[in-house]
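Enquirer: sequence first, predicted model second:
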Amino acid sequence: MSKPTVLIVDDEKSARDGLVRALRRDYHVFAAENGTSALEVLASQKVDVLLSDVRMPGMDGITLMRRALVNHPELTVIILTAYGDVDMAVEAMKNGATDFMTKPINLDKLELVLDRVLKAKKIELENKELKVRLDDKYGLENIIGRSPAMQEVFDTIRQVANSRATVLIQGESGTGKELVAKAIHQLSPRRSGAFVAVHCAALSHNILESELFGHEKGAFTGAMERRVGRFEKADGGSLFLDEISEIDASVQVKILRALEERQVERVGGDTPVDVDTRLIAATNRDLKGMVDDGDFREDLFYRLYVVVITLPPLRDRQDDILLLLNHYLAVFNAENGKRIEGFTPAAYETLSAYDWPGNIRELRNLVERMVVLARGKTLDVSDIPAQLREQASGGGEVRINAELTVDEMEKRMVIQALEKTNGNRTKAAEKLGISRRTLHRKLNQYGIGKGAEDAEA
């Protein structure tokens, strides 16, 4: 691994040379006597940390920092200042500096500061790279999943996106129905148009009718001016109706007419308005059963039932749980300025044994809570709420053996992963969320599978 690069900027030669000597064993070190020379180094070299004095002839340290960050926003800046210049250091922090130190520089403290800021920078970059890798390898428009069921969903989204077909998304609450609707819109020729979402269950019959179709001035008490409805706002784009099963029968009729005639009439009006709006609907209920019971119009049901995407619950997506846990860990590490390294094997086994009745929404909220409240470098079983731990253990059947060490638990997870993938190490590594090289190292560490052939089916 290459050494980090530090650029030292100080007009005092003795101070500059002293820092070079102190750091050159562990870092690639460049030195500059003024701001102009420093900018030249930054233009020709990749620099991780800029270590700059504040008071220098010509260009001061704060001006240098501002100019450097314009072209190198990833640069970490540490300001060096005399005791009487603390106000300038505070100003530097407000303008993008990561930290400051007072002169004369304590070299031991400087080493600690450099180690801390570089570790923070590494984690930030890893989080960004993880998100890109997840999106590239296992994602589609912010939807994460590598399980066969989700890959089938991705294929359907790609196929239907370019059509004008109405789409019905089915799935339990929290499975990501709105994300799928947004993905269809973003991948379609309508992406430059508006994506308008309406959560139907949250609105009463009268309000929903006005929200969807708009109203004319004086159409009802309180209608002080004409209002454009959601169908019109989504003209040229996509309208997403979540929980469409909760819509009143009279509003269902108007939706059917809008789909068939591509026209709407505002409440209190009699002039049709042309709309070119693609409808994407979602429900967590059995619409066909509601039709059979007389609770949903059959003609609208079949108008909606053109392309159906069924989202699996998280309990049926075991291959995706570790992926989602790591994805949201990266998200909430970044949001909360944390540097949590991951989940322990015991924590992962507990979370994998849980049924996730709230699906991805519940998982997301849980990871956020664990990150916010965490005190250690990893998330362990003790960081999981007691109620969830109890439910994951089946109420009495203990899945996690408290007598096992972390190494023993990890060994058991590796063995289980190999068993589930019929000895395929590449697939086992993916299931564990680690690289194949790391898996190979752990196999040697635990003495697993020595002499066995790798079943790369």
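Expert: Happy to help now that I have it.
Enquirer: which residues of the protein score low on pLDDT?
Expert: Along the chain, segments meeting pLDDT under 70 span 1, 83-85, 124-139, 141, 394-409, 433, 449-457.
Enquirer: got the domain ranges for it?
Expert: Taking automatic domain parsing as the domain assignment, the ranges for the chain are 5-105, 148-311, 316-446.
Enquirer: which residues are in contact with the nearest residue to Lys177 once chain neighbours are set aside?
Expert: Spatial nearest neighbour of Lys177, chain neighbours left out: Ala282 (4.0 Å); criterion: Cβ to Cβ, 6 or more residues apart in numbering. (Glycine included, C-beta is placed from N, CA and C.) Neighbour list for Ala282: Leu168, Ile169, Gln170, Gly171, Lys177, Glu178, Ala181, Phe240, Leu241, Asp242, Glu243, Ile244 [criterion: Cβ atoms under 8 Å, 6 or more residues apart in numbering].
Enquirer: what bridges to the first one?
Expert: This points to Leu168. Counting by DSSP bridges, Leu168 forms beta bridges with Ala281, Val308.
Enquirer: just give the number of residues close to it.
Expert: Counted with other Cβ atoms under 10 Å, residues neighbouring Leu168 total 21.
Enquirer: where's it relative to Ser250, distance?
Expert: 21 Å (Cβ to Cβ, to the nearest Å).
Enquirer: residue nearest the centroid of this structure?
Expert: Val331 (4.9 Å; Cα atoms, centre = their mean).
Enquirer: which SSE is it in?
Expert: helix 318-336 (DSSP states H and E).
Enquirer: helices or strands next to that helix in the packing?
Expert: Applying 3 or more Cβ pairs under 8 Å, 6 or more residues apart in numbering; DSSP states H and E, one finds that helix 318-336 contacts helix 107-133, strand 143-144, strand 342-343, helix 345-353, helix 359-373, helix 425-432.
Enquirer: mind doing that once more with 6 Å?
Expert: helix 107-133, strand 143-144, helix 359-373 (3 or more Cβ pairs under 6 Å, 6 or more residues apart in numbering; DSSP states H and E).
Enquirer: output those in TSV; the columns should cover distance to Ala202 and mean neighbour count.
Expert: Listed next are the helices and strands packed on helix 318-336 as TSV, based on distance: least, Cβ to Cβ, whole Å; neighbours: other Cβ atoms under 10 Å:
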stretch	distance to Ala202	mean neighbour count
helix 107-133	31	14
strand 143-144	23	20
helix 359-373	16	18
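Enquirer: tell me which of those sits nearest to Glu216.
Expert: Minimum separation from Glu216 across these (Cβ to Cβ) falls at helix 359-373, 38.5 Å.
Enquirer: name every strand pairing with the very next helix or strand once past that closest one and say which way it goes.
Expert: Downstream of helix 359-373, the next assigned helix or strand under DSSP H and E is strand 378-379. Strand 378-379 sits in its sheet next to strand 342-343 (parallel), going by DSSP bridges.
Enquirer: contacts for the strand it pairs with?
Expert: Thr378, Leu379 (Cβ atoms under 6 Å, 6 or more residues apart in numbering).
Enquirer: how far off centre is it?
Expert: 16 Å (Cα atoms, centre = their mean, to the nearest Å).
Enquirer: ok, back up a step: so the residue nearest to the centre of the chain versus Gly358, what's the distance?
Expert: 18 Å.
Enquirer: just send the contacts of Ala282 back as CSV, with secondary structure and distance to Ala120 too.
Expert: Output for those, formatted as CSV (DSSP: H, G, I helix; E, B strand; the rest coil; distance: Cβ to Cβ, whole Å):
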residue, secondary structure, distance to Ala120
Leu168, strand, 46
Ile169, strand, 40
Gln170, strand, 43
Gly171, coil, 38
Lys177, helix, 36
Glu178, helix, 33
Ala181, helix, 37
Phe240, strand, 39
Leu241, strand, 44
Asp242, strand, 39
Glu243, coil, 42
Ile244, helix, 46
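Enquirer: for the residues you listed, which one is nearest Ser382?
Expert: Nearest member of these to Ser382, counting by Cβ to Cβ, is Gly171, at 32.5 Å.
Enquirer: which of the helices or strands spans Ala31?
Expert: Counting by DSSP H and E, Ala31 is part of strand 28-32.
Enquirer: I am finished for the moment; much appreciated.
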